[in-house]
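Visitor: Give the three-dimensional model of this entry:
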Amino acid sequence: MQQQIFKYQDENHFSDVRTVEIDGEIWFVARDVATLLGYTTPAKAVADHCREKGIKKNYMMETSSGVQGFTLINEPNVYRLISRSKLPSAEKFEAWVFEEVIPQIRKQGFYGKIDRTALPNFISRYKDNYHKLDHNYFSVISEMYARLYIALEKVGYSIPDKGVGGKQMMPDISVGRGFASFLKKQNSEFYNQHRTYWHSFPDGRPDVEANMYHIDALPIFIRYIHEKWIPENAHEYFKQRDPLALDYLPKLLN
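Guide: Modelled structure (predicted):
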């Protein structure tokens, strides 16, 4: 099963459209499609206009709030909802789904310029390196998993494995360099008091010596992430690699 979330842009805003590929067939979250097409009661729209054969009820999917059950509909049922929608933009949505999204998924396995179905190396590196840390120390990637990766997932965005042009998404490198510089500028007692560990990568590249900091420095790191890097550096980092993230970063600043 491959779950994907697409951003559809109409005249006024972006909308999430979630899909799941099951046995080579693409299924859509009924609520996403019905809501986008202007139906005030998605469940009623599905019951009134969709054929039972193309409906999967209570299909369990991962969300930012945990595993939840959704009603899925197949391509013919998406078309049925489109054809009965009263929104002028329904025709535009139809063209987007059937002329762009579905053909691209079938051709390359995903829609757009970035494969969002691959397991992010960020997760792999977090899991592979966490055990290397002394229990009195933290690493940049171990804390970023909670402070950035999970925070972004909670508002609907997942850091992909690779960004535009195949660039590996490793924001921890940017944060690590920035944090070391920040400690130096602040004349912090923790500057140059770090220890190191050998950080490994899932793609087989050579291990590198990475910093780990004493847990007493953790409050400083948390403030750096939320008060410096996210508001001052995150926009430029993601703009170059995955512009989709720019829709979600402001939600971390509220």
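
Visitor: Going along the chain, name the strands of the stretch 151-254 of the chain.
Guide: Listed in chain order, the strands of the stretch 151-254 of the chain (DSSP state E, counting those that start in this stretch) span 195-199, 208-214.

Visitor: for the shortest one, packing partners?
Guide: Taking 3 or more CB pairs under 8 Å, 6 or more residues apart in numbering; DSSP states H and E as contact, the helices and strands that strand 195-199 lies on are helix 121-129, strand 137-139, strand 208-214. Placement of C-beta: from N, CA and C, glycine included.

Visitor: winner for burial among those?
Guide: Sort the helices and strands packed on strand 195-199 by mean neighbour count, taking mean count of other CB atoms under 10 Å, and strand 137-139 sits at the top with a mean of 20.

Visitor: In the stretch 51-200 of the chain, where is pLDDT below threshold?
Guide: The model of the stretch 51-200 of the chain has pLDDT under 70 over residues 62-66, 112.

Visitor: Show me where it has its helices.
Guide: 75-84, 90-95, 102-108, 121-129, 140-144, 150-154, 171-185 (DSSP state H, counting those that start in this stretch).

Visitor: now the strands of the stretch 151-254 of the chain as a markdown table including distance to Glu21?
Guide: Shown next, in a markdown table, are those (distance: least, CB to CB, whole Å):
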| stretch | distance to Glu21 |
| --- | --- |
| strand 195-199 | 34 |
| strand 208-214 | 36 |
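
Visitor: Determine which of those approaches Phe179 most closely.
Guide: Distance to Phe179, taken as CB to CB, is lowest for strand 208-214 among those, at 8.2 Å.

Visitor: ok, back up a step: include distance to Gln4 when you put the helices and strands packed on strand 195-199 into CSV, please.
Guide: Listed next are the helices and strands packed on strand 195-199 as CSV, based on distance: least, CB to CB, whole Å:
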stretch, distance to Gln4
helix 121-129, 17
strand 137-139, 30
strand 208-214, 32
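
Visitor: residues contacting the residue nearest to Glu100 when sequence neighbours are not counted?
Guide: Using CB to CB, 6 or more residues apart in numbering and skipping residues adjacent in sequence, the residue nearest Glu100 is Tyr111, 7.3 Å away. By CB atoms under 8 Å, 6 or more residues apart in numbering, the contact set of Tyr111 is 4, 6, 100-101, 104-105.

Visitor: Cheers, nothing more for now.
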